[in-house]
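Asks: output the structure for:
(one chain, ligands or ions: 1)
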Amino acid sequence: MTNKLELGVNIDHIATLRQARFTPYPSILEAISLIEAAGADAITLHLREDRRHIQDADVYAVRKHLNTRMNLEMAVTDEMLAIAKDVMPEDVCLVPEKREELTTEGGLDIIRHFDRTQKVTQALNEVGIKVSLFIEPNIEQIKKVAEIGAPKIELHTGTYANATGKAKQNEFQRIIAATEFAQAEGIQVNAGHGLDYQNTHAIAAIPQLRELNIGHAMIARAIFVGIKAATEEMLAIMHTARQ
Ligand code: PXP
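Replies: Have a look, this model is predicted:
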């Protein structure tokens with residue numbers, strides 16, 4: 001079965017540029033309008049505990065402004081749970097977070113953090129926010145998703161993105177196996193991290209995937225062609241992969 005493949009654009013690094021000088025520009029709201037006009041399906045943003053890019057006020061401003069769907073990435077903490085319940089994004093993606101990391105490194109270990117992940121997932125389920133668990137393409141992790149109660153997972157593609165040669169092929173096979181296993185369990189499968197204009201085609205061609213969340217490479221591309229064209233180019237890659 002081939003599902004429709006949606007694109008969530010991660011806008012964090014527009015805020016990274018703004019926070020580098022604490023200027024009012026570049027405006028994430030202006031960017032969202034252009035991203036939506038280009039045909040993206042969702043806006044993804046990560047409110048990190050250290051607030052290094054997206055700020056609390058951004059989350060509320062984006063909530064009011066967007067016409068598509070908000071996918072809020074957040075750590076599995078009570079602070080973030082309270083913010084999510086106040087903002088009410090359509091989707092929350094639960095991610096691991098370490099203060100010293102450059103970006104999200106690896107998936108959430110839902111076996112190790114089972115109780116906390118289950119508690120936060122169920123609290124979000126109760127208010128009608130759809131939860132996605134950002135995990136490694138690992139069958140043992142996926143076996144725990146139903147018990148935790150999340151309807152979706154996002155498979156971490158960072159290892160695939162960084163690998164070369166045989167290791168890249170192996171990781172790609174792991175992503176396919178994880179996607180097929182999760183889909184058979186009735187879980188919606190998304191993917192993201194490290195996807196760019198070279199490596200997205202292969203991932204987008206996996207027919208069971210429902211959504212890709214892509215940020216850094218698109219914001220970098222936008223420096224040269226603008227965010228609207230950068231979004232259109234990525235959508236074209238995804239579309240071609242599904243033909
Ligand atoms: N998905 C998740 C869960 C993430 O944490 C990130 C990075 O914030 C992305 C997707 C986007 O990754 P990238 O910026 O490498 O495209």
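Asks: after the top helix by length along the chain, which helix or strand is next?
Replies: Longest helix in the chain by number of residues (criterion: DSSP state H): helix 165-184. Using DSSP states H and E, the next helix or strand after helix 165-184 towards the C-terminus is strand 188-192.
Asks: restricting to C-alpha, output that following strand in CSV.
Replies: Provided in CSV are the C-alpha atoms of strand 188-192 (Å, rounded to 0.1, in the frame of the first residue of the first chain):
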residue,chain,number,x,y,z
GLN,A,188,1.6,5.6,11.5
VAL,A,189,5.2,5.9,10.5
ASN,A,190,7.0,9.2,9.8
ALA,A,191,10.7,9.8,9.4
GLY,A,192,13.2,12.6,9.8
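Asks: and the next helix or strand past that strand?
Replies: Next along the chain after strand 188-192, taking DSSP H and E as the criterion, comes helix 200-204.
Asks: which residues are contacting the longest helix of the chain?
Replies: For helix 165-184, the surrounding residues in contact (CB atoms under 8 Å, 6 or more residues apart in numbering) are 137-139, 142, 145, 153, 155, 157, 159-160, 163, 189, 191, 202-203, 206, 208-209. (Each C-beta comes from the backbone N, C-alpha and C, glycine too.)
Asks: which ones among those residues lie within helices?
Replies: Per DSSP H, the contacts of helix 165-184 map to helices at 139, 142, 145, 159-160, 202-203.
Asks: turn those residues into TSV, columns for distance to the ligand, pLDDT and neighbour count.
Replies: Converted to TSV, the ones in helices among the contacts of helix 165-184 look like this (distance: CB to the nearest ligand atom, whole Å; pLDDT from 0 to 100; neighbours: other CB atoms under 10 Å):
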residue	distance to the ligand	pLDDT	neighbour count
I139	20	97	11
I142	16	98	24
V145	15	98	23
T159	12	96	20
Y160	12	97	25
A202	15	98	16
I203	11	98	26
